[in-house]
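[1] Curious how this folds, go ahead:
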Amino acid sequence: MSADALVEAALRGTLTEAQARRLCRQGREVVVLALLAASKRIAEQDAVIAGLQGQSRAQPPSPSTPSGMRPVYAKPNASGRRKQPGARKGHPGRRRKVPERIDKQETHRLKRCPGCGGQLQRCRRTRTRVIEDIPAEIEPVVTEHVIHRDYCPKCKKHVEPVVPDALPGATLGHHLIALTSWLHYGLGVTIDNIVDILGYHLQTKLTPGGLIDAWRRLAEVLEAWYEQIGRQAKQSAHLHADETGWRVQGQTCWLWCFANHQVCYYMIDRCRGSPALQKFFTEAFEGVLITDFWSAYESVCAEDRQYCLVHLLRELEKVDQRNDSAEWRAFAKKLRRLLRDGMRLRRSDDFTPGEYRSRVDRLNARLARLADQEHVDGDTRRLTKRLRRYAEYLFTFLDYPDVAYENNFAERQIRPAVILRKNSQSNRSDRGAATQSVLMSVYRTLRLRGLNPTETITNALKTYLTTGTLPPLPDADIANG
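    Numbers count the residues shown, from 1 in each chain. As a prediction, this is how the structure comes out:
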């Protein structure tokens, strides 16, 4: 093997021990050449790796870069100085409030000095320290219900009272079912972890199959609340909408989210287009629909719309990374300034109604002029076409005080479902997907309304078993007393 072949093998990382010894026998000059070439290659690869980890416009890896050195996604470093955590100087401190109830009191006193071991002179000085904790051994309450069955001569049948503490035929109480389902569908805890938590810390032995069956029965009872949440969402003044990928039985589906500050409705469907939206919006929506630029939302008949400006700004940043033409830079600068002027106008409150309306009209006029321009650059033409298509609904938020200019609220509401999808791998059956939709919607709505999830559902189930009717989902003002 020639010296050039040995050097090339060293650079590729395939040099064997026998080949290395052969390279040494080629002479000092050949060894120096191989070391210099290897040093240069290592420096180039280190520079590429550092660039991929710290910069968004880094040099792409070379063909010889190992797959383990190619990051799946390199997030750029945060620009600017971050805000210092905590309140500003001079603000009063915030501490945990002292509990209103003291369950027991313990007294602590030294017998001798811990430093020298000498006798102590007793004083009357004391201080208190309040500590909250949970019991080390939490045992479940097991209740045996003795149910008397009596005969009714008039109806000519035996009758017995209803036990309001559990569903018919169930051996687990309402509070336990509500707590476990809230942990899974409300907080994203996996089923195996729930079994471990209850088994080790709450001394309650459960099986995954038993939990899933209990949650399915709970979802069937709470179906009326699920429908009520959907009706309230469709009757609201404004509604955020978003969707994300989901899987049912290994098949690709979509999880739709329709939410505002009072309701959150989830729907799992196999379609990402307008047919899925038509299942939810069975009638015209009389409020403001806030979405991204996904074209399927145009099939919804809405009174008014607001498209997410943050998505538009992100699109500008994305194109900036690959398009550096003068035409694009001028267009992006004008559009950014226009959108930010609208956001600043929303935050300003020192205008008279007439002056405010005049500024809104000028913003719309600037947007119309920018959308009417003709361009040669491909990205500029594409964004200009989007402006022409959605210009009417970019500054809707300036006409409604409660409407946001971005769809961040829907993305925050769909985030718990994304975390649950990552932990539990979606659903294995259509029935599981239905249970998922109902219980996630109920628990997310309870969270938005500030209600205690386990207490609210436990009381509702008792009322359902006693009266045969599930009570309406309570409003937030009822929960706040």
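[2] When you work out contacts or count neighbours from here on, use the C-alpha atoms and nothing else.
    Fine.
[3] and His158, that's in a helix?
    No. His158 sits outside any helix when classified using DSSP: H, G, I helix; E, B strand; the rest coil, being strand.
[4] Could you give the bridge partners of it?
    His158 has these beta-bridge partners by DSSP bridges: Tyr151.
[5] Equivalent analysis for Ile268, please.
    Leu255.
[6] That one against Trp254, yeah?
    Yes. Proximity of Ile268 to Trp254 meets the contact threshold set by Cα atoms under 8 Å, at 5.7 Å.
[7] Settle it for me: which of those two has more neighbours?
    It is Ile268, of Ile268 and Trp254, that has more neighbours when counted by other Cα atoms under 10 Å, with 23 against 20.
[8] Show me what the strand or helix carrying Tyr265 is packed against.
    Take DSSP states H and E as the rule and Tyr265 turns out to sit in strand 264-269. Other elements packing on strand 264-269 under the criterion 3 or more Cα pairs under 8 Å, 6 or more residues apart in numbering; DSSP states H and E are helix 223-234, strand 251-259, helix 430-448.
[9] Got the domain ranges for the protein?
    3-51, 173-306+407-481, 309-398 (automatic domain parsing).
[10] Residue nearest the middle of the protein, spatially speaking?
    Arg415 (1.6 Å; Cα atoms, centre = their mean).
[11] neighbouring contacts of stretch 232-246?
    252-260, 263-265, 268, 272, 281, 285-292, 402-403, 407, 409-411, 414, 418, 421, 426 (Cα atoms under 8 Å, 6 or more residues apart in numbering).
[12] Show me which residues of that stretch are buried.
    233-234, 236-246 (16 or more other Cα atoms under 10 Å).
[13] The residue nearest to the centre of the chain falls within a strand, correct?
    No. Secondary structure of Arg415 (three-state DSSP): helix, not part of a strand.
[14] what's the span of stretch 111-121, first residue to last?
    10 Å (Cα to Cα, to the nearest Å).
[15] Tell me the gap between it and the middle of its chain.
    Offset of stretch 111-121 from its chain centre (Cα atoms, centre = their mean, to the nearest Å): 56 Å.
[16] shaky segments in this structure?
    1, 7, 48-65, 67-81, 477-481 (pLDDT under 70).
[17] Output the longest strand belonging to it.
    In the chain, with assignment by DSSP state E, the single longest strand is strand 238-248.
[18] Let me know the angle separating it from helix 430-448.
    Using axes from the mean of the first three to the mean of the last three Cα atoms, to 10 degrees, the direction of strand 238-248 lies 150 degrees away from that of helix 430-448.
[19] Just the CA atoms of strand 238-248, as PDB, please.
    Presented in PDB, the C-alpha positions along strand 238-248 are these (Å, rounded to 0.1, in the frame of the first residue of the first chain):
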ATOM      1  CA  HIS A 238     -64.000  34.200  20.300                       C
ATOM      2  CA  LEU A 239     -62.400  30.800  19.800                       C
ATOM      3  CA  HIS A 240     -58.800  29.700  19.200                       C
ATOM      4  CA  ALA A 241     -58.300  26.600  17.100                       C
ATOM      5  CA  ASP A 242     -55.300  24.400  16.400                       C
ATOM      6  CA  GLU A 243     -54.400  20.800  15.500                       C
ATOM      7  CA  THR A 244     -51.600  18.300  15.900                       C
ATOM      8  CA  GLY A 245     -50.800  14.800  14.900                       C
ATOM      9  CA  TRP A 246     -52.200  11.800  16.700                       C
ATOM     10  CA  ARG A 247     -52.300   8.000  16.200                       C
ATOM     11  CA  VAL A 248     -55.100   5.600  16.800                       C
END
